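Asker: A predicted structure for the sequence below; I have some questions about it.
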Amino acid sequence: MEETIRGVYPFLDVNRTPIGIDRLDMLLRGGLLRGRTYLVAGETGTGKTIFSLQYLIYGAQVLGENGIYVLVDEGLEEFIRGAKSLGWDLQSLIDEERISIMTLLTEFPERFKDKYLEAVAKSIIKDIKEEADRINAKRLVIDPIAPLILSEKTLNWMREYVRRLMLGIEENVGCTTIVTSEIPTGTNALSRYGVEEFLASGVIVLRIEKRNDEYARVMYIRKMRWTPIRPIELEFDIIPGKGIVIKS
């Protein structure tokens, strides 16, 4: 599939990782820069998890690139059921070890309750690297980058935690990574803690907007380092069996 795409569109960069969203990959000249970290941000219900899961499933099914999904604020069974409702057989990919799901929801309170910031970040990076080495993962998703269980920490603590985690993963794990961040409702912020967008190589913001008396899902490419693309808005649908599809 990837060879076919590059044969038809020879200007695409072979050093990029296709996301699996056709028109978006074309605009990004092949996808995301390999080994770099990208932020997908948006309010609740805008499609961040679907975007991220589509990225992993496309890699596993089409390109043979294994991936890891770090699930922070949702249980595994609920996550698998949600994927199935969209027409994705996630359980089979898990059984075949093409996708690995790491869950942090149940262990975060006790494991990191009294740990120093550096210890928390290092422990998570260590676990992710071990799993990436085990299944030879090329793709990584952390959804979301900062768990809600740490919301009682100070803003400065959370910003430094996010900074160390993002930089540490890029330096030590080696995957092309998507992290998600929830934007507080009713703000113009690009991320939850105001630091993620500066650390990421690219920022894609997902929104729901009212247009012509109807609601539309919109993807806003805010930043793409080393990619000749102007800031652009793309309207999209979420279709069962396909995921995110850009409207022409």
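Answerer: Perfect, thanks for sending it. This one's a predicted model, so the numbers in the text were calculated from it and none came from an experiment. Residues are numbered from 1 along each chain as shown.
Asker: where along this protein do the strands fall?
Answerer: Taking DSSP state E as the criterion, the chain contains strands spanning 16-17, 32-33, 37-42, 66-71, 99-103, 137-143, 176-182, 202-211, 214-224, 232-239, 243-246.
Asker: quickly note the distance from the spatially most central residue of the chain to Arg164.
Answerer: With distances taken as Cα atoms, centre = their mean, Ile178 lies nearest the centre of the chain, 3.0 Å away. Here Ile178 is placed at a distance of 18 Å from Arg164 (Cβ to Cβ, to the nearest Å). C-beta coordinates here come from the backbone N, C-alpha and C atoms, glycine included.
Asker: again with Gly202
Answerer: Taking Cβ to Cβ, one finds Gly202 at 20 Å from Arg164.
Asker: hang on, the earlier thing: switch the strands of the chain over to JSON lines; also include distance to Tyr55 and mean pLDDT.
Answerer: Formatted as JSON lines, the strands of the chain follow (distance: least, Cβ to Cβ, whole Å; pLDDT from 0 to 100):
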{"stretch": "strand 16-17", "distance to Tyr55": "9", "mean pLDDT": "93"}
{"stretch": "strand 32-33", "distance to Tyr55": "9", "mean pLDDT": "96"}
{"stretch": "strand 37-42", "distance to Tyr55": "9", "mean pLDDT": "94"}
{"stretch": "strand 66-71", "distance to Tyr55": "8", "mean pLDDT": "96"}
{"stretch": "strand 99-103", "distance to Tyr55": "11", "mean pLDDT": "94"}
{"stretch": "strand 137-143", "distance to Tyr55": "7", "mean pLDDT": "96"}
{"stretch": "strand 176-182", "distance to Tyr55": "6", "mean pLDDT": "94"}
{"stretch": "strand 202-211", "distance to Tyr55": "11", "mean pLDDT": "91"}
{"stretch": "strand 214-224", "distance to Tyr55": "13", "mean pLDDT": "92"}
{"stretch": "strand 232-239", "distance to Tyr55": "14", "mean pLDDT": "94"}
{"stretch": "strand 243-246", "distance to Tyr55": "9", "mean pLDDT": "96"}
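Asker: closest one to Leu155 among those strands?
Answerer: strand 176-182 (13.9 Å; Cβ to Cβ).
Asker: partner strands of the closest one, with direction?
Answerer: Sheet pairing of strand 176-182 (DSSP bridges) gives strand 37-42 (parallel), strand 137-143 (parallel).
Asker: quick one: which of the ones you listed is nearest Gly64?
Answerer: strand 137-143 (9.1 Å).
Asker: how far off centre is the closest one?
Answerer: The chain centroid and the centroid of strand 137-143 are separated by 7 Å under Cα atoms, centre = their mean, to the nearest Å.
Asker: burial measure for Pro184, as a count.
Answerer: 11 (other Cβ atoms under 10 Å).
Asker: next one, pLDDT for it please.
Answerer: Looking at Pro184, its pLDDT stands at 79.
Asker: residue contacts, it?
Answerer: Counting by Cβ atoms under 8 Å, 6 or more residues apart in numbering, Pro184 makes contact with Glu43, Arg192.
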